[in-house]
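Visitor: I would like the atomic coordinates for the input below:
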Amino acid sequence: MSAEKLSPRQQMISLMYLVLLAMLAMNASKDLLNAFVLLENGIGSTNKNFSAKNDKSYNVITKAAAKIESAKQFDVLAQKIRKQADMIYNMIQNDKNHLVYDNDGKDDDSIPLAKDNQELASGYYIFNDVPNEKAIALKKGVEDFKKMLLEVKLVKDDKPLSGRIAKMLATNDSTDKDGVTHEWVSLLVDHLPMAAATANMTLIQTYVRNAETEVIDKIAASLEGDGMVVNVVNGMAVMNPGYVLTGDSIRGDIFIAAYNSGITPRIFMGTVDTTKFTNGKYVAPQGKDEEPNALFKGAFEEIKSIGGKGLLRKKASTPGLQDVAGVIRIAGKDDITYYYYHTTYMVAEPTATVAATKMNVFYVGVPNPISVSAPGVALDDIQVAAPGLSITPGPKKGDYIVNAKVPNPKGVEVTVSKKGGGRLGGSPFRVKTLPDPVAEVMQQRSGLIASAKLKVVSNVIAKMDNFDFDLKVTVVSFDLTMNLKGDLRTLSSTSEALTNDMKSLLGAANKGTKVYFENIKAKMPDGSIRKLGTIALTAN
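Guide: Numbering: from 1, shown residues only. A predicted model of the protein is given here:
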């Protein structure tokens, strides 16, 4: 088993471990087995570091549970994880102790005296080539622990993390090249000296602690600041002011915002006495519900709060820069914390703009997209109109589709108004007929063409050249004229495709033969038929 993201120390230990196994397979000396013991001791030190690190994360979770009601479920989960991890770790440790101390113990240098015995570890877990109760219990313990971790929502939502845990705690059996299946536990101990087997067992302990660390760290990281459990994290950008004019500078703060959608804070808005706040926070003893009055300079109001967020709904009536400030009240077990907030926004008089999505021209017979906006006016409250044009809503708010039936070279004005109100503005647009498409054969319109290319021509296409709209134009008929050994022949097609006779005629073209695709007609998006220019080619 292996993890995807190991520390440099773990990577070094794993590499040494593989090298030692390879040397062992070549009948390495007992000194090498001693090195296995030293390696196991090094891995054991890593496990102690994992345990110390885990203790800090468990303490973060426990402290949060003592302050915030919603954090208690995380503490219960963390303790279950700790109990299961310790159970597996201790089970392996007890098995290692039995292997060592039931078989001559250790010498003065703490090296097992039976380190080179290849039967002890195998016999401890396997009887008649079948895993015994101890092996079954070990495998089940690891599998149950893996299942527990992978069912944690924070792990499910983190695909790289769940992938690492699945690999670290994998207990899959292995099939060799001869098709023989080997049990997971036999891969750890079968036909290995006791020194190598116990090192393997210590490595499993490392994987257990490593997986425990990753998940507990993830849970602890979800506990923000003063112990609030956060379950929603969003990127935020707060612009100051919230509205600017051309030529002004913009200012803003961009940061990560996290909150708990299960907590309903009380949110107040008004002019705050900031002298009572330290680093944007004021803490009052539990039961001091009168505190909001003392934190404001004058009158204040409470804002509706749903899903962990306050919902500010206020009609803008006075133009200019407006302030929004207040406090957010979070009640803990022993105290109440007030967080100060402040932002600004700009209120402007209504104006309107109209911008063509493609260009400042409307074309007859095709849908012309435009977007319309009016600062200070909701998109739902905007009306758009133009004489002689059909205007319908587009795929999203603020988008419209304009359709014209006849050209208007003098132009027409698209006007924007507010429902139930007056005119907001407008913009002029020209109304033109679609330009003619161009015809091509093998991406050519004239000039020399290889005889080999002529022999594989299958159709004549038409397209809008240098045109911003993505329109489909279809060739509906054309003539092919070619001088074949003094005989001028003309063939006709009633589609864009060449007929079999046309293909045969082109197949007889030699160097210098002139070929003409003429009387080309194409169907436009509005259903009209356009006659296109002649394509004149010379074979070479």
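Visitor: what about Tyr282, how many residues nearby?
Guide: The number of residues packed near Tyr282 is 21, by other CB atoms under 10 Å. Quick note: C-beta positions are derived from backbone N, CA and C, even for glycine.
Visitor: the one 10 residues further on now?
Guide: Residue neighbour count, defined by other CB under 10 Å, stands at 19 for Pro292.
Visitor: are we agreed that it is in a strand?
Guide: No: with DSSP: H, G, I helix; E, B strand; the rest coil as the criterion, Pro292 is helix rather than part of a strand.
Visitor: so what's it up against?
Guide: Arg266, Phe268, Phe300, Val327, Arg329, Tyr338 (CB atoms under 8 Å, 6 or more residues apart in numbering).
Visitor: from start to finish, how long is stretch 315-325 in a straight line?
Guide: 16 Å (CA to CA, to the nearest Å).
Visitor: for it, buried residues please.
Guide: By 16 or more other CB atoms under 10 Å, the buried positions in stretch 315-325 come out as Gln322, Ala325.
Visitor: start at 13 instead
Guide: Sounds good: first residue 13 from here, last item stretch 327-337.
Visitor: for that stretch, give the mean pLDDT please.
Guide: Stretch 327-337 comes out with an average pLDDT of 76.
Visitor: and the one helix or strand Ala90 maps to, what does it pack against?
Guide: Following DSSP states H and E, one finds Ala90 within helix 84-113. On a contact count with 3 or more CB pairs under 8 Å, 6 or more residues apart in numbering; DSSP states H and E, helix 84-113 meets helix 42-79, helix 132-137, helix 145-162, helix 206-233.
Visitor: closest to Glu530 out of those helices?
Guide: Glu530 lies closest to helix 145-162 among these, at 70.5 Å (CB to CB).
Visitor: my read: Asp188 touches His194, true?
Guide: Yes: Asp188 lies in contact with His194 (CB atoms under 8 Å); the separation is 6.7 Å.
Visitor: which of the two has more neighbours?
Guide: Higher neighbour count among Asp188 and His194: His194, with 13 against 8, using other CB under 10 Å.
Visitor: nearest residue to the more buried one in space, please, no chain neighbours.
Guide: Excluding the flanking residues, the one nearest His194 by CB to CB, 6 or more residues apart in numbering is Ser186, at 4.9 Å.
Visitor: what about the one you found, distance to Met213?
Guide: Counting by CB to CB, to the nearest Å, the separation of Ser186 from Met213 is 17 Å.
Visitor: those two: which has the busier surroundings?
Guide: The residue with more neighbours, out of Ser186 and Met213, is Met213; 23 against 11, by other CB under 10 Å.
Visitor: quick one, helices of the protein?
Guide: 20-37, 42-79, 84-113, 132-137, 145-162, 165-168, 171-180, 196-201, 206-233, 303-307, 463-466, 512-519 (DSSP state H).
Visitor: ok, of these, where does mean pLDDT dip lowest?
Guide: helix 20-37 - the lowest mean pLDDT of the helices of the chain, at a mean of 53.
Visitor: how does the chain divide into domains?
Guide: 20-237, 244-359, 365-444, 450-551 (automatic domain parsing).
Visitor: so how far is the first one off the chain centroid?
Guide: Centroid displacement of domain 20-237 relative to its chain, using CA atoms, centre = their mean, to the nearest Å, is 32 Å.
Visitor: returning to what we had before: ok, which of the helices of the chain comes nearest Val396?
Guide: Nearest of these (CB to CB): helix 171-180, 45.3 Å.
Visitor: how about stretch 401-408: buried residues?
Guide: Leu401, Ile403, Gly406.
Visitor: for the residue nearest to Tyr351 when sequence neighbours are not counted, grab the count of nearby residues.
Guide: Of all residues not flanking Tyr351 in the chain, Ile340 sits nearest, at 4.5 Å (CB to CB, 6+ apart). Ile340: 18 surrounding residues under other CB under 10 Å.
Visitor: which residues does Ile340 form beta bridges with?
Guide: Beta-bridge pairing for Ile340 (DSSP bridges): Ile279, Tyr351.
Visitor: could you measure from it over to Gly292?
Guide: For Ile340, the distance to Gly292 (CB to CB) stands at 10 Å.
Visitor: joint contacts of the two?
Guide: Tyr351.
Visitor: got phi/psi on Lys327?
Guide: With angles defined as degrees, to the nearest 10, Lys327 sits at phi -80, psi 130.
Visitor: wait, Gly498
Guide: Dihedral pair for Gly498: phi 90, psi -10, per degrees, to the nearest 10.
Visitor: show me the contacts for it.
Guide: So Gly498 contacts nothing (CB under 8 Å, 6+ apart).
Visitor: same question, the one 5 residues further on
Guide: Listed by CB under 8 Å, 6+ apart, the contact set of Leu503 reads Asp491, Leu492, Thr493, Thr511, Asp513, Met514, Leu517.
Visitor: and those, which two are the farthest apart?
Guide: Greatest spatial distance among the contacts of Leu503 (CB to CB): Thr493 and Thr511, at 13.7 Å.
Visitor: residue ranges with poor pLDDT in the stretch 313-462 of the chain?
Guide: 331-332, 344-346, 358-371, 388 (pLDDT under 70).
Visitor: now do 80
Guide: Of all residues in the stretch 313-462 of the chain, those with pLDDT under 80 make up the ranges 319-321, 325-334, 343-347, 356-371, 386-390, 432-434.
Visitor: you'd agree the residue nearest to His194 is up against Thr193?
Guide: Yes: using CB under 8 Å, Ser186 makes contact with Thr193 at a distance of 7.2 Å.
Visitor: separate out the buried members of the contacts of Leu503.
Guide: The buried subset of these (16+ other CB under 10 Å) comprises Leu492, Thr493, Met514, Leu517.
Visitor: distance of the last one from Thr276?
Guide: When you say that, I think you mean Leu517. 82 Å.
Visitor: phi, psi for Asn522 please.
Guide: According to degrees, to the nearest 10, Asn522 has phi -110, psi 180.
Visitor: redo the contacts of Pro304 as CSV? Include neighbour count and distance to Lys523.
Guide: Output for those, formatted as CSV (neighbours: other CB atoms under 10 Å; distance: CB to CB, whole Å):
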residue, neighbour count, distance to Lys523
Arg278, 17, 90
Phe280, 22, 90
Phe312, 18, 92
Val339, 27, 89
Arg341, 21, 90
Tyr350, 23, 91
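Visitor: possible to save those as JSON lines with distance to Met103?
Guide: Shown next, in JSON lines, are the contacts of Pro304 (distance: CB to CB, whole Å):
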{"residue": "Arg278", "distance to Met103": "50"}
{"residue": "Phe280", "distance to Met103": "55"}
{"residue": "Phe312", "distance to Met103": "60"}
{"residue": "Val339", "distance to Met103": "52"}
{"residue": "Arg341", "distance to Met103": "48"}
{"residue": "Tyr350", "distance to Met103": "49"}
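Visitor: now do the strands in the stretch 413-552 of the chain.
Guide: Counting by DSSP state E, counting those that start in this stretch, the stretch 413-552 of the chain has strands at residues 420-430, 435-444, 450-452, 458-461, 473-475, 486-496, 499-505, 526-535, 541-543, 547-551.
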